[in-house]
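> pasting a predicted model and its sequence here:
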Amino acid sequence: MKLTAIHHVAFIVSDYDKSYDFYVHKLGFEVIRENHRPERHDYKLDLKCGNVELEIFGNKVSDPYYSAPPARVSRPREACGLRHLAFRVADVEAVRQELLDLGIEVEELRYDDYTGKKMAFFFDPDGLPLELHE
């Protein structure tokens, strides 16, 4: 078996409109396609991130069928599953400042214990940890 690349990463959000704004308008991901799935009472948003797609599934809070998904467990101990999503950037400090300028809280710069590379964490509207990695 030869798995050649990651095609997509999918995650569920609690507020589709808020997540759309965050990932498209603030982080600047390109929309590949957006679909309303009435039979499931949700929306699916496919975004381009280099050669990988991000799939966002969620519902609009204004939808009469809205039901909030369970919150992500991260404290006191993380649940199994996706721990964080890391984005490769050329200059962590510059991108960190861009996020701060957009009003997005970003943790202080730190260094990877193994590679020595710069990194910084920030969070999406549902608290999913996102990493900038140089």
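Alright, I've got the coordinates.
> give me the neighbour count for the closest residue to Ala5 other than its chain neighbours.
Nearest non-adjacent residue to Ala5, counting by Cβ to Cβ, 6 or more residues apart in numbering: Asn51, 6.6 Å away. From N, CA and C alone the C-beta is placed, and that goes for glycine too. Residues near Asn51, counting by other Cβ atoms under 10 Å, number 8.
> again, but for Leu109
13.
> ok, the one 3 residues further on next?
Using other Cβ under 10 Å, Asp112 has 12 other residues around it.
> still on that earlier bit, so the residue nearest to Ala5 is in contact with His8, correct?
No - at 10.3 Å, Asn51 and His8 do not qualify as touching, with contact defined as Cβ atoms under 8 Å.
> who does Ile12 bridge with?
Phe57 (DSSP bridges).
> who's in contact with it?
The contact partners of Ile12, by Cβ atoms under 8 Å, 6 or more residues apart in numbering, come to 57-58, 69.
> ok, now how distant is Val52 from His8?
To His8, Val52 is 6 Å away according to Cβ to Cβ, to the nearest Å.
> Glu34 - nearest residue in space that isn't next to it in sequence?
Using Cβ to Cβ, 6+ apart, the nearest residue to Glu34 is Leu45, at 5.1 Å.
> tell me what the host helix or strand of that neighbour is packed against?
Element membership of Leu45, judged by DSSP states H and E, is strand 42-49. Under the contact criterion of 3 or more Cβ pairs under 8 Å, 6 or more residues apart in numbering; DSSP states H and E, strand 42-49 touches helix 16-20, strand 30-37, strand 52-58.
> could you check the pLDDT of the residue nearest to Glu34?
Note for Leu45: predicted pLDDT of 97.
> so what's it bridging to?
Glu34, Ile56.
> thinking again about what came up before, nearest to Leu3, out of the helices and strands packed on strand 42-49?
strand 52-58 (13.5 Å; Cβ to Cβ).
> how much does the closest one deviate in direction from strand 42-49?
Here strand 52-58 points in a direction 160 degrees away from that of strand 42-49 (axes from the mean of the first three to the mean of the last three Cα atoms, to 10 degrees).
> quick one: the strands in the chain?
Taking DSSP state E to define them, one finds strands in the chain at 8-12, 30-37, 42-49, 52-58, 85-88, 110-111, 118-123, 129-133.
> understood, closing this out.
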